[in-house]
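# Please find the sequence and the predicted model below.
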Amino acid sequence: MCNRTGAASLLILIVIYGAYYGLTEGAEKAWSRTSCPVLSRPSLRLYHGAVGLAALPASLLFGVFLEGLAARGAFTIGACLGQRPRQS
C-alpha cells in the first residue's frame, strides 16, 4: 500500500504533468497548423499520427530498459536522450 507521503507526491506529480501538458499542447497544435496553412486539418492529423507512431516504439524500448537496468538506469537513459545537443 501507498503511504500518505507517497500518495501526496503522486498527486502533486500528476498535477504538474497535467499543467505542463495543458500549457504546451495548444502551442504544438498551433505550430502544426501554421506550418502548412493550406492543409491545416491534414497536417494536424499527420502531426498526431507521427507523435503516436513515435510513442509506441519509445514506450517499448523504455520497458526493455526498465526490465534490464531497473528504474534508475531506464530514467537516466531517457533523460540523456531527451536533452538537446549543444550548438557550437
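Yes, it's here. Numbering: from 1, shown residues only.
# tell me which element the residue sitting nearest the centre point of the chain falls in.
Nearest to the geometric centre of the chain sits Ala55, at 8.0 Å (CA atoms, centre = their mean). Here Ala55 sits within helix 40-82, counting by DSSP states H and E.
# which stretches of the protein aren't confidently modelled?
1-4, 39-40, 88 (pLDDT under 70).
# if we go to 90?
Within the chain, the stretches with pLDDT under 90 are 1-14, 17-18, 20-52, 58, 70-71, 74-75, 78-88.
# Could you measure from the residue nearest to the centre of the chain over to His48?
Counting by CB to CB, to the nearest Å, the gap from Ala55 to His48 is 10 Å. For the C-beta atoms, the positions are set from N, CA and C on the backbone; glycine is no exception.
# just Pro85 next, same as before
Using CB to CB, one gets 26 Å for the distance from Pro85 to His48.
# more crowded one of the two?
Between Pro85 and His48, His48 has the larger neighbour count (other CB atoms under 10 Å), namely 13 against 5.
# Next, the contact list for Pro42, please.
By CB atoms under 8 Å, 6 or more residues apart in numbering, the contact list for Pro42 reads Cys36.
# Likewise for the one 10 residues further on?
With contact set as CB under 8 Å, 6+ apart, Gly52 has no partners.
# what number of residues lie near Ala27?
9.
# ugh, wrong one, Ala58
By other CB under 10 Å, the residues close to Ala58 number 12.
# Over to Leu23?
9.
# Quick check: which element contains it?
Assigned by DSSP H and E, Leu23 falls within helix 4-35.
# in that helix, what's buried?
Of the residues in helix 4-35, those with enough neighbours to count as buried (16 or more other CB atoms under 10 Å) are Ser32.
# Just list what that helix packs against, helices and strands only.
Packed against helix 4-35 by the contact rule (3 or more CB pairs under 8 Å, 6 or more residues apart in numbering; DSSP states H and E) you find helix 40-82.
# So what angle separates the directions of the helix it packs on and helix 4-35?
Computed with axes from the mean of the first three to the mean of the last three CA atoms, to 10 degrees, the direction of helix 40-82 lies at 130 degrees from that of helix 4-35.
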